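S.K.: Got a sequence here, can you build the structure:
(2 chains)
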Number of protein chains: 2
Amino acid sequence: MDKPTIAILGGTGPEGAGLALRWGAAGYPIIIGSRDATRAAMTAHELREKVAGSNISGAVNLEAAEQAQIVVLSVPFDGQARILADVATALQGKLLITAVVPLDPQAKRRAPNWPDGPAAVQAQKQLGEGVKVVAAFQNVGAHQLQEPSAEVDCDVLVCGDDRAAKDQVVALAEAGGMRAWDAGPLANALVVEGMTALLININIRYKSKGAGIRITNVNA
Amino acid sequence: MDKPTIAILGGTGPEGAGLALRWGAAGYPIIIGSRDATRAAMTAHELREKVAGSNISGAVNLEAAEQAQIVVLSVPFDGQARILADVATALQGKLLITAVVPLDPQAKRRAPNWPDGPAAVQAQKQLGEGVKVVAAFQNVGAHQLQEPSAEVDCDVLVCGDDRAAKDQVVALAEAGGMRAWDAGPLANALVVEGMTALLININIRYKSKGAGIRITNVNA
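M.R.: Purely as a prediction, here's the structure:
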């Protein structure tokens, strides 16, 4: 079976580009999405040079979303609502994986508790039931993704309200060299998004750079 | 220096008793608190039998809180406000470590997001600034505590607004054979309390019993 095409909206940023690199290396066709087609093409070119034989192209976000079967959202939180409005029609019937971390720029060490709920739940509300939203990859530091064959010492917690969609995301994480877990309903993205604030605290307090989490005591 | 006396309110439950066992084994004087003095005394007796030479006694909650320098709260969430009202005066000027997990009994797999904030923040608001509230131990399964010399394969995330108080809790966790981290302000208890729901999900989905978390990539 052919691998599905993955669009990464915000794929010019380090997290999105890191995911693109790993999935590109695993043989998935990748489209880097950006507001700026030229920047998207440049990032795609750089990634292709890093992964021989990969199929990585660039496009504006809407075009990327239209051409993909799976769409990943990796943009700053303050741009989330606008970009989702732009691509909402193209997402219908598809899987949207959101890696957005909605930290308060004024208080990055504090777990956010926005009145409208976690960013992933906000995305699901905005897009409606025709889009399967799954939250994942919020805790994986971008620098851990940059070398496709290196171990990622951070588990991926996958939250969503559709089990088949979550299983698909777990499999994608594994294809990218990560260990991943079904961590419950989309509402639990509250914890996964907030965990990033705790990891930032730990990085600052203990002078580390890439604190991550692992799930223990499970034989899966 | 003499070790401080630790009262464990709700110490007849498995989590509180497990902490008592480990700190008792580490030489801390322990008072098991309960609404029922007889039950407290029985649990204290059982724990003393497990740890030769330990100093573990039992008392009603208020008496336990009065006699201790450090108080641990390990009760069901729906009893938290009432028990804190009972012991509030005795807690003034002391460190209160809360291990309370405020899961919704009807939805234990869903991270709670109570309108009044995480349980630890609710406790701090109720008790006022005279009590230093620190959240810890929410993610450590009780059965992991039962054998004092066994490794606990779950890190302790410590949240609070007073750094010295957090350092004290980190040291206490280490004295109990656990690895612990300063994970930021008390508001971050939202994440630590909610993580228990994610671990319950993982236990159910992957047929495990004691899923825990570890922080990775930090040299501390």
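S.K.: Give me the longest helix you can find in chain A.
M.R.: helix A:189-205 (DSSP state H).
S.K.: Which elements pack onto whichever helix or strand comes after that one?
M.R.: Following helix A:189-205 in sequence order, the next helix or strand is strand A:212-216 (DSSP states H and E). For strand A:212-216, the elements it packs on are helix A:189-205, strand B:212-216, judged by 3 or more C-beta pairs under 8 Å, 6 or more residues apart in numbering or on different chains; DSSP states H and E. Backbone N, C-alpha and C define where each C-beta goes, glycine included.
S.K.: residues touching A:Trp181, list them.
M.R.: Neighbouring residues of A:Trp181 by C-beta atoms under 8 Å, 6 or more residues apart in numbering or on different chains: A:Asp155, A:Val156, A:Leu157, A:Val158, A:Val170, A:Ile215, A:Val218, A:Ala220, B:Ile202, B:Arg205, B:Tyr206.
S.K.: bridging residues for it?
M.R.: On the basis of DSSP bridges, A:Trp181 is bridged to A:Leu157.
S.K.: Likewise for A:Ile215?
M.R.: Partner residues in beta bridges with A:Ile215, using DSSP bridges, are B:Ile213.
S.K.: Pretty sure it sits against B:Ala211.
M.R.: Yes: applying C-beta atoms under 8 Å as the test, A:Ile215 and B:Ala211 come out as touching, 5.8 Å apart.
S.K.: Common neighbours of the two, please.
M.R.: Common neighbours of A:Ile215 and B:Ala211 (C-beta under 8 Å, 6+ apart) are B:Leu199, B:Ile202.
S.K.: quick one: low-confidence parts of chain A?
M.R.: Using pLDDT under 70 as the threshold, the predicted model of chain A has low-confidence ranges A:1, A:220.
S.K.: Show me the strands in chain A, by range?
M.R.: Across chain A, reading from the start of the chain, the strands by DSSP state E fall at A:6-9, A:30-34, A:56-60, A:70-73, A:95-98, A:132-135, A:156-160, A:180-182, A:212-216.
S.K.: Turn those into a markdown table, columns for distance to B:Gln92.
M.R.: Rendered in a markdown table, the data for the strands of chain A read as follows (distance: least, C-beta to C-beta, whole Å):
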| stretch | distance to B:Gln92 |
| --- | --- |
| strand A:6-9 | 53 |
| strand A:30-34 | 56 |
| strand A:56-60 | 61 |
| strand A:70-73 | 48 |
| strand A:95-98 | 45 |
| strand A:132-135 | 42 |
| strand A:156-160 | 39 |
| strand A:180-182 | 42 |
| strand A:212-216 | 36 |
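S.K.: And the ones you listed: which comes nearest B:Ala164?
M.R.: Nearest to B:Ala164, of all the strands of chain A, is strand A:212-216, at 26.1 Å by C-beta to C-beta.
S.K.: Please identify the buried residues of that closest one?
M.R.: Burial within strand A:212-216, assessed by neighbour count using 16 or more other C-beta atoms under 10 Å in any protein chain shown, is assigned to A:Gly212, A:Ile213, A:Arg214, A:Ile215, A:Thr216.
S.K.: now do stretch A:72-87
M.R.: Taking 16+ other C-beta under 10 Å as the neighbour-count basis, stretch A:72-87 is seen to contain the buried residues A:Val72, A:Leu73, A:Ser74, A:Val75, A:Phe77, A:Gln80, A:Ile83, A:Leu84, A:Val87.
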